[in-house]
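A.B. asks: Structure for this input, please:
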Amino acid sequence: MKYICLGYIAPNKFESLSETDRNAIVDECLSYDDELRANGNFAGGDALQPPQTATTLRWVNGKVSITDGPYAETKEQIGGILILEARDLNHAIQIMSKHPGVKAGPFEIRPAADLSEMMRESEARRGGKA
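C.D. replies: Model prediction:
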């Protein structure tokens with residue numbers, strides 16, 4: 001089963017570290033990601049640019065409204081995502097508990113939604129148009 005792991009970090013926390021500490025965190029995280037790949041648990045993932053680079057889309061008064069910045073102002077912002085392949089939630093927690101990125105900020109783990117049935121039903125309603 002796939003789990004989406006959202007890594008959070010306080011703004012400027014990473015940038016405020018010394019170069020040595022930043023390099024150590026990056027090296028630890030990427031080494032662990034390599035271990036996840038080798039074990040078949042890494043299904044994808046990417047770091048995100050800082051929150052100030054975000055663009056948020058909302059549906060307002062029948063049209064799309066575009067605003068600069070993240071969706072919500074919080075103390076911690078999403079720094080990246082990791083798509084994990086795990087047997088169940090306990091296995092996902094066990095795997096992510098060892099990830100060095102947890103030291104930089106919390107990780108939220110959510111099961112990925114399987115939309116395949118919903119997609120098939122929608123395709124049928126749309127007359128087989130994909």
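A.B. asks: ok, the closest residue to residue 78 other than its chain neighbours - contacts?
C.D. replies: Distance criterion C-beta to C-beta, 6 or more residues apart in numbering; nearest residue to residue 78, sequence neighbours excluded, is residue 6 at 5.3 Å. Heads up, the C-betas are built off the backbone N, CA and C, glycines and all. Residues in contact with residue 6 (C-beta atoms under 8 Å, 6 or more residues apart in numbering) are 78, 80-81, 107-110.
A.B. asks: mind putting the residues you listed in CSV, neighbour count, secondary structure and pLDDT included?
C.D. replies: Output for the contacts of residue 6, formatted as CSV (neighbours: other C-beta atoms under 10 Å; DSSP: H, G, I helix; E, B strand; the rest coil; pLDDT from 0 to 100):
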residue, neighbour count, secondary structure, pLDDT
78, 18, strand, 86
80, 17, strand, 90
81, 17, strand, 93
107, 21, strand, 90
108, 12, strand, 92
109, 16, strand, 95
110, 12, strand, 93
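A.B. asks: Between all of the residues you listed, which two are at the greatest distance?
C.D. replies: Taking C-beta to C-beta, the two most distant members of these are 80 and 110; they sit 14.5 Å apart.
A.B. asks: I'd guessed residue 36 sits against residue 95; true?
C.D. replies: Yes: look at residue 36 against residue 95 with C-beta atoms under 8 Å: they come within range, at 6.9 Å.
A.B. asks: Give me the common contacts of those two.
C.D. replies: With C-beta under 8 Å, 6+ apart, residue 36 and residue 95 have common neighbours residue 84.
A.B. asks: quick one: buried residues of stretch 49-56?
C.D. replies: residue 51 (16 or more other C-beta atoms under 10 Å).
A.B. asks: what's the first-to-last distance across that stretch?
C.D. replies: One end of stretch 49-56 sits 14 Å from the other (C-alpha to C-alpha, to the nearest Å).
A.B. asks: try stretch 43-60
C.D. replies: Start-to-end, stretch 43-60 (C-alpha to C-alpha) is 35 Å.
A.B. asks: cool, stretch 50-68 as well?
C.D. replies: Span of stretch 50-68 from end to end, C-alpha to C-alpha: 12 Å.
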